[in-house]
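>>> Sequence first, predicted coordinates after that:
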Amino acid sequence: MKRSAGEKAVEWIEDGMIIGLGTGSTVKYTIEKLGELVKNGLHIKGIPSSQQTKKLAQQHNIPLIDLTAEIDIDITIDGADEVDSNLYLIKGGGGALLREKIIAYHSKKVIIVVDESKIVKALGIGFPLPVEITRFGWHATKKALEQIGCTTELRTIMDEKYLTDNANYLLDCDFDRIEDPEALDIALHAIPGVVEHGLFINLVDEVIVGSRQGTITLERETVPA
Ligand code: 5RP
């Protein structure tokens, strides 16, 4: 299901495009497919959203560039942890939410690739919201986050504190059910020490959903309320 969604996304790619490359096990299939197309003569340039994706794209000989003010990203293709009926997302399961959000914000079009298990009625029920925070004062930031109504867990990897590509910590914040993503976005950004969070609001144009029957594409304008 991840493969069918990931590979389908390359149908949106045209010669000469600059492409934002997301992170994760679904977009991995997009990157591998792009590698095949590059081998067969497609000219594209990629902007990776993580060290992990940079390595994968390099393995597949996809030319990479940095995001600068002169760059217009034609399309970003990325995965997600949850997708609701407004095509709002929770992202950050792979720890790359900050760079992913910067790239998505500066893209003319954002396509998300997921398997059907990621489609949810409300964000936050099945997946905690990742929040990237500075290392300085992180205990205080954690307390401030808990005061707005969640339980938090500092992300670790092999018993060590997880560090993002930006050398920050990640707190996985369980809000149970996120009733008002817009209000939560504002509340989170009001806390000093919060660098960014994994709610993607009004950033996505299309979601390609892989299922056993194939893929379907959800578009922002056509999604029922
Ligand atoms: C990384 C992400 C990923 O896109 C998200 O976790 C989905 O990953 P996968 O495709 O492996 O399920 O947000 O920060």
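Ah, there it is.

>>> Next to the ligand in this structure, residues from the chain, please.
22-26, 78-81, 91-97, 100 (CB under 6 Å from any ligand atom). For every residue, glycine as well, the C-beta is placed using N, CA and C.

>>> and with 5 Å instead?
For the chain, the residues in contact with the ligand (CB under 5 Å from any ligand atom) are 23-26, 79, 81, 91-94, 96.

>>> of those, buried ones?
Neighbour counting over these (16 or more other CB atoms under 10 Å) leaves 23-24, 26, 79, 81, 91-94, 96 as the buried ones.

>>> longest helix of this protein?
Using DSSP state H to define each element, the chain has its longest helix at helix 27-39.

>>> Quick check: which helices or strands does that one pack against?
Judged by 3 or more CB pairs under 8 Å, 6 or more residues apart in numbering; DSSP states H and E, the packing partners of helix 27-39 are helix 2-8, strand 18-21, helix 51-59, strand 73-78, strand 107-115.

>>> what angle do it and helix 51-59 make?
In this structure, helix 27-39 runs at an angle of 30 degrees to helix 51-59, with axes from the mean of the first three to the mean of the last three CA atoms, to 10 degrees as the basis.

>>> which stretches of the chain have low pLDDT?
222-225 (pLDDT under 70).

>>> switch the cut-off to 80
Filtered on pLDDT under 80, the chain yields the residue ranges 221-225.

>>> ok, I90 touching G126?
No: using CB atoms under 8 Å, I90 makes no contact with G126, being 9.1 Å away.

>>> Report the set of residues contacting both of these two.
E82 (CB atoms under 8 Å, 6 or more residues apart in numbering).

>>> For these two, indicate the residue with more neighbours.
I90 (26 against 14; other CB atoms under 10 Å).

>>> Would you mind giving the helices and strands packed on helix 27-39 as JSON lines with distance to L218 added?
Listed next are the helices and strands packed on helix 27-39 as JSON lines, based on distance: least, CB to CB, whole Å:
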{"stretch": "helix 2-8", "distance to L218": "11"}
{"stretch": "strand 18-21", "distance to L218": "19"}
{"stretch": "helix 51-59", "distance to L218": "24"}
{"stretch": "strand 73-78", "distance to L218": "15"}
{"stretch": "strand 107-115", "distance to L218": "9"}
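
>>> Export the ones you listed to CSV and append columns for mean neighbour count.
Shown next, in CSV, are those (neighbours: other CB atoms under 10 Å):
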stretch, mean neighbour count
helix 2-8, 22
strand 18-21, 24
helix 51-59, 17
strand 73-78, 24
strand 107-115, 23
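
>>> of the buried ones among the residues of the chain next to the ligand, closest to G6?
Here the nearest of these to G6, counting by CB to CB, is T26; it sits at 4.9 Å.

>>> so which strand or helix has E70?
Taking DSSP states H and E as the criterion, E70 maps to no regular element, lying outside all helices and strands.

>>> OK, contacts around it?
The neighbours of E70, taking CB under 8 Å, 6+ apart as the test, come to nothing; the list is empty.

>>> now F127
If you count contacts by CB under 8 Å, 6+ apart, F127 has them with 81-82, 90, 93.

>>> Tell me if G46 really is in a strand.
Yes: residue assignment for G46, taken from DSSP: H, G, I helix; E, B strand; the rest coil, places it within a strand.

>>> Mind listing the residues bridging to it?
I19, L64 (DSSP bridges).

>>> Please verify my assumption that it contacts L21.
Yes: under the criterion of CB under 8 Å, G46 makes contact with L21 at 4.7 Å.

>>> Name the residues contacting each of the two.
If you check G46 and L21 against CB under 8 Å, 6+ apart, the residues they both contact are 31, 57, 62.
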